[in-house]
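In: sequence-free structure coming up:
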Ligand SMILES: Cc1ncc(C[n+]2csc(CCOP(=O)(O)OP(=O)(O)O)c2C)c(N)n1
Ligand SMILES: Cc1ncc(C[n+]2csc(CCOP(=O)(O)OP(=O)(O)O)c2C)c(N)n1
Ligand SMILES: [Mg+2]
Ligand SMILES: [Mg+2]
């Protein structure tokens, strides 16, 4: 399928933004955690799940979405949020636990919420799927053609919420797309040790809905099947499952010893980096020049750097603020 | 497939026993509930879910099982228990809340347990499925060829536990057979309003396991596919899903106004009664005579009547017994 | 009561259905999801007649997928709708607690109130009719312990209607527990308390206030739902013996209306707490603790409590009767309290 | 301590792994199921080294299917095995509570003890490291409220090993809660309390006994896990100011060891209860209620309590520190208690 230049550049920008955001986060997270690593120390404490390598899963479908469409994401949400267009400043500030954060510092990196772009995420595996179903239900009740996308990992596809959500979505013909980001691992558990089928697109058969499999983290193929799924949903034809074989360059969380996998694995994946693949394609097909990318990258770095500055320079909440916001 | 006489007569006996047991229960349950119906009144209080019409689902597979094989059943368990060979006396006494009951009167009709025949049931939809998976896991660990059968209703096939259990069973190649008793209704909700696929055998595709569909409550076909599934499980080849279109002659529970379905429905189903079908086949094919059935029925009625007598004549527990048996 | 003044009496279930009807009429964002809420009208009658009136779009039967449809309420609320979801029996909360306590209850806080969860979860509680260990629980404290939810358990038809209307219109998540025996259903035990005066039209009963159901001077009895009913029966009996009981109908499990309780203790100096839920970490402990912390010097006797001893609810009637407190247990306990 | 006496010190996680090792060695029916319990050794180290020793058959990684594999423990226990299942974070209990409280906890009772459930559920609790609202809870009382389970929360490596061995061998279901910060993990805050003397070999610590962690005469402080640790720190500070604190390490959430607590109150006449779990319907209320019912005349001051105010655990460090009680809050509270 022909992918127009605009969309490809958009995908490149989102993927590159996400990658650079995560690389800065990798560094920021280690602050205060050296020489002795302590998960609770530093300006960014707590668990940190980074998405380096998984960018195509997010950008390849969000390119087909607008602010009216809903996205729910799991514990590894940064690339999804960035592709959906979440404002980086409150997002970054939240991760730094600042009062200017999207949750006033109460949520943290696994709990980012943005009403404007209808983005949310959470730390309980598969729990975002019914949320997407509910958003899609509201969309249908209101007669809009808005859709809802639920991102999950391949490990989450074995949780009960996966089944209940897809049955509901199919039964009620709701505009839901489930994107399974298969990064081959659920923490230390390989897909073959968690999943009784080779890929989760096959599970569409259990709900009478289509499933698509995107191999080898292919941004172009992700773009293509996502378009089919989003169009189908907008037309009121119901849900779709998309599984994409993606890459987890880093550990499950920062600090993961990764004793369960061959260090070579990540090296091999990095050699096939999807962002570089998109860039190469655009260059080869003369859709963009090195110069264009220099300009674009500058813009990207600037936006991310400003978000980090904003976060770092923002104030912490007042301790007693902890007691507010339980009820409105 | 040839079904030998012995098996067919066994199935007839179990189905007839179950039917007569339920018919007596229908009457017993109404005691003390007339003229004004009060679910809490009479010698058999609480909810009562009867299985009249669903006998083939139970007898058609239990004919292939021994005491070493495990069965878990849901809230509508009597036909499953009887087909598995549970001793009618403690079972009936439990339903009457007597101290001689299988749970000393603490469990009730939804909570019948029998170690000898490895039977259990419970009141939470789909919750028995993981129990069957666990029994099968123990069987496999011990190197036996024992299997575990989980009976559920078609409504339960949309619960998360269904998905998690089948994925585990398939992943670990466990000797599990899931029998979905499709009686067309989940209380007042029709299958078409709860299930996104026409039948749950199709959901085998989500786990890479076979599925069988038995149409029109056919005892012979249920016998046949159950043999395939049980043999497969005993050989260590993994789980199977069987769905059988069965009949619910009565309301969801006794006292159900059934305003949601056409009274004609049950009448139509009764006209195709599966027990009569088996009897007719045995007579036509000259495998049994009317005389044989007279003798057999007498034996059946006697056994059931004795169980009711035992239950009715047994003592109630002492009130303070309520405090025992939390811990051993 | 006088037949002159025109009063209208409804059962608990009719009162609930009327509240939902009013709320749906004046706000099209309100809709209902649950098992058997449509044609059946709810197993315990909470949506009686509403499906005929509002149709499949707004009174939605669901599959047996509590995590799916109660989780869907989160997404719908995120889009600005006001879902009412029914969890048929509170005993089933174990298959959906995550969506309730980690999501519905916490999203407003985790988002700094950017995202509101105006969800009302209605659920049936209570035993007394031999429905055994998985269909007879109250679990008041299970919800009360977890932050982010208002938890109410009204007793009278009047309060069922007024508090349900308040719950549906509250922008915070509300767990609305109704007692099966107080629904006035034709197929259950018909008790007087399940029928009562219910004003026509629209009115609100606050979600955070207990009610003095009967005034008294010698002892304070705190209960909720059926335990309030039993306490009132006991109070009548004790009155004949010259003991004056003040009966407080808790109504709100979370927050607890400390003021009403402390005021009463200040007056009677004796406290009995009665609960149909389990004893450990339950209502009886919560309110006894309130006394120990804020009314110690008012107490003229050790606090007494009656609750389900820490056993599952047994099936057999004799056993169940033994574990659920009733008027006789209360009469006895009050007498002991007066003598101590 | 003296270097002459040969002592062996272990972290909490090593102590747990050693207990499981011993139990698996002397009973082949014992096996472990959980997420990342095999090669990873458990996210919080509870099964460190066991997969190498026992292999896939007995140390089983599972999919993210808590209802599936914890429910499977029911079936395996029914066949006479003794499963140990790990729920990685207690916060995830919402996806599997049904199997735990309606099945594991009730089957023995519903079957009149015909069917036993010798299942040990191990699960990580606690906050203090900014893991936010869905990964920092304790939920002690959530389990304590529901009948049919023994619920323990050991503090020291010594007790972690001894109580885990007792739990695995108990024929009743046991919920074994271990505190992340007390596991002595290399990637978390390294605190002294997470390392301690642990005897070699096989020994049992009873599941139903609290422990006087420090003797004192002026005030009784009851805590569990990190709150015991904070209480002991506070006691040291208060000692310098001439206030003698008796610190009780609760250890057993259910049943509560009333005798140990009442004896101490009888001695000190003042009670402070500290809890890292939510305040409402929690440990602080349960123990304050015990005093109000059984030690009213021993109390010389109203009971004081410190717990997480009823809010979700916030992410930002300053906010989280504000809601979780620490030694300073305890020192303050004790002083107020002495002045009242
Ligand atoms: C219900 C639940 N169980 C377990 C966990 C712990 N946990 C967090 S992430 C994770 C692995 C998820 O794997 P996958 O879905 O493949 O996502 P990935 O981390 O690979 O992006 C687990 C087990 C959780 N958060 N929620
Ligand atoms: C988790 C859970 N949700 C809801 C219920 C209430 N309930 C009991 S039986 C039933 C219908 C079950 O339908 P099906 O599985 O088809 O079995 P059938 O009653 O038709 O035999 C429902 C909704 C329950 N017991 N457990
Ligand atoms: Mg993964
Ligand atoms: Mg059915």
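Out: In hand now; what should we look at? Owing to the predicted nature of the structure, the values given are computational and were not obtained by experimental measurement. Ligands and ions are numbered 1, 2, ... in the order given.

In: contacts only, for the most centrally placed residue in chain A.
Out: The residue lying closest to the centre of chain A (C-alpha atoms, centre = their mean) is residue A:80, at 2.5 Å. Going by C-beta atoms under 8 Å, 6 or more residues apart in numbering or on different chains, residue A:80 touches A:51, A:58, A:62, A:71, A:73, A:119, A:121, A:151. The way it works is simple: take the backbone N, C-alpha and C, and place the C-beta from them, glycine included.

In: one more pass at 7 Å, please.
Out: Counting by C-beta atoms under 7 Å, 6 or more residues apart in numbering or on different chains, residue A:80 makes contact with A:58, A:71, A:73, A:151.

In: out of these, list just those in strands.
Out: Among the contacts of residue A:80, DSSP state E puts A:71, A:73, A:151 in strands.

In: the first one pairs with what?
Out: Meaning residue A:71. residue A:119, residue A:149 (DSSP bridges).

In: what sits against it?
Out: A:80, A:84, A:118-119, A:149, A:151.

In: most widely separated two among those residues?
Out: Maximum pairwise distance among the contacts of residue A:71 (C-beta to C-beta): 13.3 Å, between A:118 and A:151.

In: for the contacts of residue A:80, give me TSV that also has distance to residue C:84 and pLDDT.
Out: Conversion of those to TSV gives the following (distance: C-beta to C-beta, whole Å; pLDDT from 0 to 100):
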residue	distance to residue C:84	pLDDT
A:58	34	98
A:71	26	99
A:73	27	98
A:151	29	99
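
In: which stretch of helix or strand covers residue C:76?
Out: Taking DSSP states H and E as the definition, residue C:76 sits inside helix C:66-78.

In: pretty sure residue A:232 contacts residue A:242?
Out: No. With contacts counted by C-beta atoms under 7 Å, residue A:232 stays clear of residue A:242, the gap being 11.2 Å.

In: any idea which of the contacts of residue A:80 is closest to chain B?
Out: Nearest to chain B among the contacts of residue A:80, counting by C-beta to the nearest C-beta, is residue A:151 at 19.0 Å.

In: which parts of the stretch 1-150 of chain A are helices?
Out: Ranges of helices in the stretch 1-150 of chain A, per DSSP state H, counting those that start in this stretch, are A:5-30, A:55-62, A:78-84, A:88-95, A:128-141.

In: for the stretch 151-300 of chain C, same thing?
Out: C:157-169, C:226-240, C:258-268, C:283-294.

In: of those, which stretch is the most buried?
Out: helix C:283-294 (a mean of 26; mean count of other C-beta atoms under 10 Å in any protein chain shown).

In: and after that helix, which helix or strand comes next?
Out: Next along from helix C:283-294, by DSSP H and E: strand C:304-308.

In: and the helix or strand just after that following strand, does that touch chain B?
Out: Moving toward the C-terminus from strand C:304-308, the next helix or strand (DSSP H and E) is helix C:317-323. Yes. Helix C:317-323 reaches chain B (C-beta under 7 Å from any C-beta of the partner chain) through C:317-319, C:321-323.

In: centre of the chain to stretch A:127-141, how far?
Out: 18 Å (C-alpha atoms, centre = their mean, to the nearest Å).

In: re earlier: looking at residue A:232 and residue A:242, which is more packed in?
Out: Taking neighbours as other C-beta atoms under 10 Å in any protein chain shown, residue A:232 and residue A:242 compare with residue A:242 leading, 27 against 18.

In: the more buried one pairs with what?
Out: Note on residue A:242: beta-bridge partners by DSSP bridges are residue A:179, residue A:212.

In: that one contacts residue A:176, correct?
Out: No. Counting by C-beta under 7 Å, residue A:242 stays clear of residue A:176, with 11.3 Å between them.

In: and the helix holding residue C:76, what does it pack against?
Out: helix A:128-141, helix A:160-171, strand C:82-89 (3 or more C-beta pairs under 7 Å, 6 or more residues apart in numbering or on different chains; DSSP states H and E).

In: can you give me the mean pLDDT across the longest one?
Out: Confidence for helix A:128-141, expressed as mean pLDDT, is 98.

In: can you pull the pLDDT of residue 278?
Out: All of this is about chain A. 98.

In: look at chain C instead
Out: Reported pLDDT for residue C:278: 98.

In: try residue A:3
Out: Looking at residue A:3, its pLDDT stands at 88.

In: name the element the closest residue to it other than its chain neighbours belongs to?
Out: Nearest residue to residue A:3, sequence neighbours excluded (C-beta to C-beta, 6 or more residues apart in numbering or on different chains): residue A:223, at 5.6 Å. For residue A:223, the host element (DSSP H and E) is helix A:219-234.

In: in the stretch 101-250 of chain C, which spans are strands?
Out: C:120-125, C:150-152, C:174-179, C:195-197, C:211-214, C:219-223, C:245-249 (DSSP state E, counting those that start in this stretch).

In: and residue 38, what does it touch?
Out: With no chain named, the answer covers chain A. Counting by C-beta under 7 Å, 6+ apart, the residues that residue A:38 touches are D:188-189.

In: meant chain C actually
Out: C:51, C:56, C:59-61.

In: helix/strand/coil for it?
Out: Reduced to three states with DSSP: H, G, I helix; E, B strand; the rest coil, the structure at residue C:38 is coil.

In: how much space between it and residue D:294?
Out: 51 Å (C-beta to C-beta, to the nearest Å).

In: repeat for residue C:249
Out: 27 Å.

In: grab the nearest non-local neighbour of whichever residue of the stretch 51-200 of chain C sits closest to ligand 2.
Out: The nearest approach of the stretch 51-200 of chain C to ligand 2 comes at residue C:92, 4.3 Å away (C-beta to the nearest ligand atom). Among residues not flanking residue C:92 along the chain, residue C:66 sits closest, at 6.2 Å (C-beta to C-beta, 6+ apart).

In: with residue A:205 instead?
Out: Ranked by C-beta to C-beta, 6+ apart and with sequence neighbours excluded, the top spatial neighbour of residue A:205 is residue B:205, at 3.9 Å.

In: my guess is the one you found contacts residue A:204. True?
Out: No. Assessed by C-beta under 7 Å, residue B:205 is found out of contact with residue A:204, at 8.9 Å.

In: the more surrounded of those two?
Out: residue A:204 (22 against 18).

In: if I pick whichever residue of the stretch 151-300 of chain A sits closest to ligand 1, what's in contact with it?
Out: For the stretch 151-300 of chain A, the residue closest to ligand 1 is residue A:153, as judged by C-beta to the nearest ligand atom, at 2.2 Å. By C-beta under 7 Å, 6+ apart, the contact set of residue A:153 is A:74, A:181, A:183, A:186.
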